[in-house]
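S.K.: 3D, please:
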Amino acid sequence: MEAIREAKERAPPRKFIESVDFTINFKNVDFKKPENRIEVEVVLPRGRGKPVKIALFADKALAAEVKKVGIVDRVITKDEIMGLDKKTAKKLAKEFDFFLAEPSLMPIIGKQLGVVLGPRRKMPKPVPPNVKAIEAVVKNLRNTVVVSNKKGKYMPVVHAPIGTVEMSDEDLAENALAVYNAVIRKLPAGEQNVRSVYVKTTMGPAVRVIP
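M.R.: From the prediction side, this is the model:
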């Protein structure tokens, strides 16, 4: 909480709402070994503090049901998938944080969009063709961050947004601990593999938390 408070105080005023970012640097871990690589989804207990955009790939029947209740931000049908070119697919990948899909559409999505969504770690999660089940998944994803060091040749560091500067220090600290504990569980020697931890706003200076 002290580090988060200091990061907020040291951040110059901006004309937009900054995110608060959490960074963990590692030591004595061989990330060339697949079992040591970090790739974990963390549900932030106090939420992300800003909207998370989710799209669903669905056939016409499920698409109609989902649109009625407005569960997701966009529904993309099978016909639309077939009509997507690489440029449009890149725009989709940039616009949405997460993608969901009916299992039956996964092969088509892989063929048409895999080259775009795969490298961005945004391949859709298969979900049952059931509105209530999808609603439960979406509820969690609205508060989820992906913590990964797979980008950048498995560097010994991970970054994760833990909220925005408008959130309380207490809520941000709780989110930070959720990310920290999730990552620690993935490390071969736990906290002994942590070199340092920092917190910062989007444009502000980093404040050291650990050690």
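S.K.: what segments of the protein are strands?
M.R.: Assigned by DSSP state E, the strands in the chain fall at 19-26, 39-43, 54-58, 74-77, 98-101, 125-126, 144-148, 157-164, 194-201, 207-210.
S.K.: what's the first one packed up against?
M.R.: Here strand 19-26 touches helix 2-10, strand 157-164, helix 169-184, strand 194-201, going by 3 or more Cβ pairs under 8 Å, 6 or more residues apart in numbering; DSSP states H and E. Every C-beta, even on glycine, is put in place using the N, C-alpha and C of the backbone.
S.K.: and with 7 Å instead?
M.R.: Helices and strands touching strand 19-26, by 3 or more Cβ pairs under 7 Å, 6 or more residues apart in numbering; DSSP states H and E, are strand 157-164, helix 169-184, strand 194-201.
S.K.: so who does Val199 touch?
M.R.: Shown in contact with Val199 (Cβ atoms under 7 Å, 6 or more residues apart in numbering): Ala3, Ile4, Ala7, Val20, Phe22, Ala176, Val207, Val209.
S.K.: so the first one makes contact with Ala206?
M.R.: No. Between Ala3 and Ala206 no contact is recorded; they are 9.5 Å apart, counting by Cβ atoms under 7 Å.
S.K.: output the contacts of Val199 as CSV; include the columns distance to Ala160, pLDDT and neighbour count.
M.R.: CSV is the format used below for the contacts of Val199 (distance: Cβ to Cβ, whole Å; pLDDT from 0 to 100; neighbours: other Cβ atoms under 10 Å):
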residue, distance to Ala160, pLDDT, neighbour count
Ala3, 15, 96, 21
Ile4, 14, 97, 27
Ala7, 14, 96, 24
Val20, 10, 97, 26
Phe22, 5, 97, 28
Ala176, 9, 98, 25
Val207, 16, 97, 20
Val209, 13, 94, 21
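S.K.: which of these sits closest to Pro45?
M.R.: Ala176 (10.5 Å; Cβ to Cβ).
S.K.: for stretch 140-160, C-alpha coordinates in CSV please.
M.R.: What follows is stretch 140-160, C-alpha atoms only, in CSV (Å, rounded to 0.1, in the frame of the first residue of the first chain):
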residue,chain,number,x,y,z
ASN,A,140,-14.8,-13.8,-14.3
LEU,A,141,-13.1,-12.5,-17.4
ARG,A,142,-14.2,-9.0,-16.7
ASN,A,143,-11.9,-9.0,-13.7
THR,A,144,-9.1,-11.1,-15.2
VAL,A,145,-5.5,-10.2,-16.2
VAL,A,146,-3.1,-12.5,-18.0
VAL,A,147,0.3,-12.6,-16.5
SER,A,148,2.9,-14.0,-18.8
ASN,A,149,6.6,-13.8,-19.7
LYS,A,150,6.1,-15.7,-23.0
LYS,A,151,6.4,-12.4,-24.9
GLY,A,152,9.9,-11.3,-25.5
LYS,A,153,11.7,-14.7,-25.5
TYR,A,154,10.8,-15.6,-21.9
MET,A,155,12.5,-12.7,-20.2
PRO,A,156,12.9,-13.0,-16.4
VAL,A,157,10.1,-10.5,-15.7
VAL,A,158,6.3,-10.2,-15.8
HIS,A,159,4.1,-7.1,-15.9
ALA,A,160,0.4,-6.9,-15.1
